[in-house]
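Participant: Here is the input, now give the coordinates:
(2 chains)
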Amino acid sequence: MSTTATVAHRADRRGLSRERRQSLVRAGVVGVSLLGVWLALATALRGRHLIPYPADLLAQFVDDWSLIVANAGPTLEVAALGFLIGTLAVLPLAAVSVLVPTLEPVVIRVAVAIHVIPFVAIAPIIVITFQGEAARIAIAALQVYFPLLIGVLLGLHSADDRALDVVRVTGGRERSALRFVRVPSALPSLIAGLQIAVPAAILGALVAEFFGAPEGLGVVLVNAQDSLMTDRVWVIAVTIGALATVGYVAVALLARILVPWAGKGAMSGTSVAGGATGDLSRRQAVLGMVVSTGLLLGMWWSLRPVFGLQPFFVKSPGDVVGFLVEGNPATGAPAGEFWDAFLTATGQTAVHAGVGFVVGTVVAALGAVVLVATPGLERVVMPFAIMLRSVPLVALTPLIVLLFGRGLVGVTVLVTLVTFFPTLVTVILGLRSAPENAIDVVRASGGSAFDAAARVQVMYAVPAITAAARIAVPAAVSGAMLAEWLATGDGLGSLITLAAVSADYLTLWSAGVLVVVLVLLLYAAINWIDTTISRRLGIAL
Amino acid sequence: MSTTFQPSRSRRWRSIAGATAAVVALSGLAACGSDTSGGGVDTANFQLGWFPNVEAMGPIVADDKGYFEDEGINVSLLPGGPEVTADAQIVSGNALMGTMSSEALADSVKAGAPLVAVGAIYQTSSSAIVTLADSGITEPKDLEGKRFGVSQTDMRVYEPFFKLTGVDADKVEMVSTGSDPASLMSGEVDAMSGTLANQPIAIQDQGVDTNEIRLADYSYNRWSNLLVVRQDSLEDPEERAAVRALLAAVTRGVQDSVENPDAAAQIVVDEYGEQVGLDLDQQRASAQVWADLAEEGTEDQGVVRLTEGGVSGQQKFFDSIGLEVNAADLFDLSVQAEEK
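Facilitator: Numbering: from 1, shown residues only, chains lettered A, B, ... in the order given. Presented below is the predicted three-dimensional model:
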């Protein structure tokens, strides 16, 4: 008896170590091939001041260590406080949306609108109202709240309908359902949301420094770029990526300690954030639309009186309507001039954002399937994915435009970098949430891990893909606009930033408002697609 | 002395509270009033146009040497950056004075900003076409058939500049590169729109020689680092006195920097630059260029000071880029006349 047990135990241990060895080999293969690509690029592009050799980078790292330490502090402080405040703002909003389902579309619409307002329009308001570090924290918080809100709502909605029914049948009200079913089942999505928010907070803190800061990694990065200190640019970029990776891993570890049961077959519902719109009556939907539009207009209108801001750089709804209908009162330029420029630019941005979104989603979804189907690979690849997400585009652009040009290919690469990460994280979560007994059925009947992924898990990942689209669509639009400013010089990104630097606040606000309207329309379209698909799948399951 | 950027503990907490309020307000939960009406007479903010470096050596030296205190005013220098909104900062009263280029000032005034310049630090344009020495490009005409990297903000300057200098703009391939010198070093472009004190010095520091075609040499003279204030600051006697004090102190700082750019660079690096990795040698070389630009064109009246002739020169510049604005409305020569 005891011998059999020992043998079994040994086999078990050997099995474990084989798995570990396998994952080590994979890590080695990934690491070596990345190093190979790096060396090849550095050799091919040597003398062009674009990529340092690994050894040079390491040497620069040693030289710059005290510089990094001195400047990481201020940036991380802003990122951490922005993360905290963004999180604290999201949780009550999410709870309210679930308790009062009528309010959810309102919360989401307002959240989306604020999220896609071009930064150059909103930043002066923040910088002037809050000043200094407070303004930078607010900017970082604004980067955090959106992916987090979408993640939390996805989780709260993903509660098992049968469990919810149990609570209701036994006389529980929505509040008990929230406490006993929704919150526990929301944890995996909440954690995924927090993980997506970590790089967003760090990038937000970095971007905030561009509006004026005495110190920080963003300041060092720009100074290094201006001084052609290419090695230092990369050292800072890698540092930022590493910090984001550490934050991401820390969230995962904390989650494993605090809520060890999260992430194991917990999510089995199919409804997603915002998808609730489909369940609302037509009257409620119309009401929600009126309320959110009224709320947004009211907030916009109140900016000037409440914060005491000047009409010069804060345009009112009336100013914008007047400009769009009658033209610029100061210069006498007709409204048609703006519309021509705006429509041309919108066409260009639609192509950039559309292609970037599709490529980003496909890359992320395929990547997620491969990562879930290959045990151990996620741990190896994820840090590089986080790196790619959190390295500021300003640092990568010179290299990307040289490799891929300033045309559609280059822009697509830039937009994909912005969009793929939230989709990757959300889809991995979706794939993991497939019930284990369903996977076991495939495995037991001789199917491989890939079969399991293809036949069962993908079905469960579909809601995750549409949920991810809610983050990726606005990200693709803002990513395209950033790429247009950095690389192509056309589209809405160029139109809006040029308006900002030449103090043309009427064009800036009008274009910004129209972008918000367009993205809200896109959102409505995603909602429709989403509810349609979820219903079909719901029946199929 | 210059501890202006180190927030005290209580200020930090206030800033956290402020940021919380920002997010809450923006999330539509609540909105609380905040009074942004700006500074008294004994304290004022000065908005810089970029992260602190030698381009701002005038105000930084003035701060370091206590020239603001000498004038009886306590000044905080607000750092700028690539996305700084100096116009909004001054219009809102957050900063009593800030630096802007003549083009940016004209744009803002045209868009309804009640702003006016009381002085100008760089009255010779720092704008230049920068090329590598071995490119063979020495005059504007040579750009024909070449790739020219230009930031989108500079585009409107270069189209009329080409017309003025007889360059066939259709033969120049314009690439939207921004101001990063890497695009010139990587060979993506043959020439780029740049700033005399920036890209050439960064490139030469890599041991590569450069050529610069100065726009000012072709009577294309965009001023930069104008000292801009709100028009109504000049109407209020107390604020006017504060503006006068700032103008006097900054002028002394610029004067010192012009006389000893090496010392000015040392101060900038000690106070701010070392913290953020600025290289002392590059800053010294850059300070020398800025010092020359501050001196050139102000030899008769003294640094920072405005003249009627200078203002009409800016009118010519505005006219040439099609910026319809009256330069005389943008500059106020009366404050400098009141200086002791």
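Participant: from here on, contacts and neighbour counts on C-alpha atoms
Facilitator: OK.
Participant: most centrally placed residue in the chain?
Facilitator: Using chain A here. residue A:422 (4.6 Å; Cα atoms, centre = their mean).
Participant: wrong one, chain B
Facilitator: Short answer for chain B (Cα atoms, centre = their mean): residue B:225, at 3.6 Å.
Participant: what's the helix or strand for it?
Facilitator: Residue B:225 belongs to strand B:224-230 when assigned by DSSP states H and E.
Participant: Averaged pLDDT, that strand. What do you get?
Facilitator: Across strand B:224-230, the average pLDDT comes to 97.
Participant: Okay, now the sheet partners of it, with direction.
Facilitator: strand B:97-100 (antiparallel), strand B:115-122 (antiparallel) (DSSP bridges).
Participant: Redo the ones you listed as JSON lines? Include mean pLDDT and mean neighbour count.
Facilitator: Converted to JSON lines, the strands paired with strand B:224-230 look like this (pLDDT from 0 to 100; neighbours: other Cα atoms under 10 Å in any protein chain shown):
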{"stretch": "strand B:97-100", "mean pLDDT": "96", "mean neighbour count": "26"}
{"stretch": "strand B:115-122", "mean pLDDT": "97", "mean neighbour count": "26"}
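Participant: Residue B:119 contacts residue B:224, doesn't it?
Facilitator: No. Counting by Cα atoms under 8 Å, residue B:119 sits too far from residue B:224 to count as a contact (10.4 Å).
Participant: if we can go back for a sec, between the strands paired with strand B:224-230, which one is nearest to residue A:138?
Facilitator: Within the strands paired with strand B:224-230, the stretch nearest residue A:138 is strand B:97-100; the backing value is 23.5 Å (Cα to Cα).
Participant: Give me the next element, helix or strand, following that closest one.
Facilitator: Strand B:97-100 is succeeded, C-terminally, by helix B:102-110 (DSSP H and E).
Participant: Go ahead and name everything in contact with that next one.
Facilitator: Applying Cα atoms under 8 Å, 6 or more residues apart in numbering or on different chains, the set of residues contacting helix B:102-110 from outside is A:330-331, A:501-504, B:87, B:115-116, B:222-226, B:228, B:314, B:318, B:323, B:325, B:327, B:330.
Participant: Report the buried members of those.
Facilitator: Buried by 16 or more other Cα atoms under 10 Å in any protein chain shown: A:501-504, B:87, B:115-116, B:222-226, B:228, B:314, B:318, B:323, B:327, B:330, out of the contacts of helix B:102-110.
Participant: quick one, phi/psi of the residue lying closest to residue B:95 once chain neighbours are set aside?
Facilitator: The shortest distance from residue B:95 to any non-neighbouring residue, by Cα to Cα, 6 or more residues apart in numbering or on different chains, is to residue B:45 (4.5 Å). Here is the backbone geometry of residue B:45 (degrees, to the nearest 10): phi -100, psi 140.
Participant: follow-up on the earlier one: need the pLDDT of the residue nearest to the centre of chain A.
Facilitator: Reported pLDDT for residue A:422: 84.
Participant: wait, doesn't it sit right on residue A:470?
Facilitator: No. With contact defined as Cα under 8 Å, residue A:422 does not reach residue A:470; the gap is 9.8 Å.
Participant: give me every residue that touches residue 83.
Facilitator: Reading this off chain A. Here residue A:83 is in contact with A:140-141, A:144, A:197-198, A:201 (Cα under 8 Å, 6+ apart).
Participant: hmm, I had chain B in mind actually
Facilitator: A:120, A:210-212.
Participant: Just these: which are in helices?
Facilitator: residue A:120 (DSSP state H).
Participant: Out of the contacts of residue B:83, give me the one that has the most neighbours.
Facilitator: residue A:212 (29 neighbours; other Cα atoms under 10 Å in any protein chain shown).
Participant: now that one: how far from residue B:95?
Facilitator: Relative to residue B:95, residue A:212 is positioned 13 Å away (Cα to Cα, to the nearest Å).
Participant: again, but for residue A:240
Facilitator: Taken as Cα to Cα, the span from residue A:240 to residue B:95 is 32 Å.
Participant: before we move on, what about residue A:305?
Facilitator: Counting by Cα to Cα, the gap from residue A:305 to residue B:95 is 20 Å.
Participant: who has more neighbours, the two?
Facilitator: residue B:95 (27 against 11).
Participant: How is that one assigned, secondary-structure-wise?
Facilitator: Here residue B:95 takes the coil state, with states given by DSSP: H, G, I helix; E, B strand; the rest coil.
Participant: on that earlier part again, check contacts around the residue nearest to the centre of chain B.
Facilitator: B:49, B:99-102, B:120-122.
Participant: And residue A:191, by the same measure?
Facilitator: Residue A:191 touches A:251-252, A:255, counting by Cα under 8 Å, 6+ apart.
Participant: quick check, nearest of the residues you listed to chain B?
Facilitator: Using Cα to the nearest Cα, residue A:251 comes nearest to chain B of these, at 22.2 Å.
Participant: So that closest one is in contact with residue A:195, correct?
Facilitator: Yes. Assessed by Cα under 8 Å, residue A:251 is found in contact with residue A:195 at 6.3 Å.
Participant: Please identify which of those two sits among more neighbours.
Facilitator: Using other Cα under 10 Å as the criterion, residue A:251 and residue A:195 rank with residue A:195 on top: 25 against 17.
Participant: Where does residue A:26 fall, secondary structure wise?
Facilitator: Secondary structure assignment for residue A:26, by DSSP H and E: helix A:2-44.
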